[in-house]
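S.K.: quick check, what structure comes out for this input:
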Amino acid sequence: MQNSHKQTPDPYQVFNDFFERYELHDCQLELWRLLGAAFSSEDADNWNRLDRGNAIFFCKNIDEVLKALYALREKFKNEPPG
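M.R.: Residues are numbered from 1 along each chain as shown. Okay, here's the model as predicted:
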């Protein structure tokens, strides 16, 4: 009988694959491009001030997480996971 559960990917490999595909600056540009697209969509017409503020706050925090991840990447670049 086959296991129907998908195996959880190795977090280290997930990050490594991401870092190989994207540079920090590209991630930041895409994050803010997506926020701009969200604000200009018809759905955003129904957002109140709090919704808009929360979206900006969330993106600022994701930007900080990205910076931290890329800093960790540099710190551990040549160290094996574990």
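
S.K.: for residue 48, phi and psi?
M.R.: Main-chain torsions, residue 48, degrees, to the nearest 10: phi -90, psi -180.

S.K.: for it, give me the pLDDT.
M.R.: You'll see residue 48 listed with a pLDDT of 92.

S.K.: repeat for residue 75
M.R.: For residue 75, the pLDDT comes out at 83.

S.K.: just checking, what packs against the helix or strand containing it?
M.R.: Here residue 75, judged by DSSP states H and E, is contained in helix 49-76. Judged by 3 or more CB pairs under 8 Å, 6 or more residues apart in numbering; DSSP states H and E, helix 49-76 is in contact with helix 11-21, helix 24-40. Using the backbone N, CA and C atoms, a C-beta is placed for each residue, glycine as well.

S.K.: one more time with 6 Å, if that's ok
M.R.: helix 24-40 (3 or more CB pairs under 6 Å, 6 or more residues apart in numbering; DSSP states H and E).
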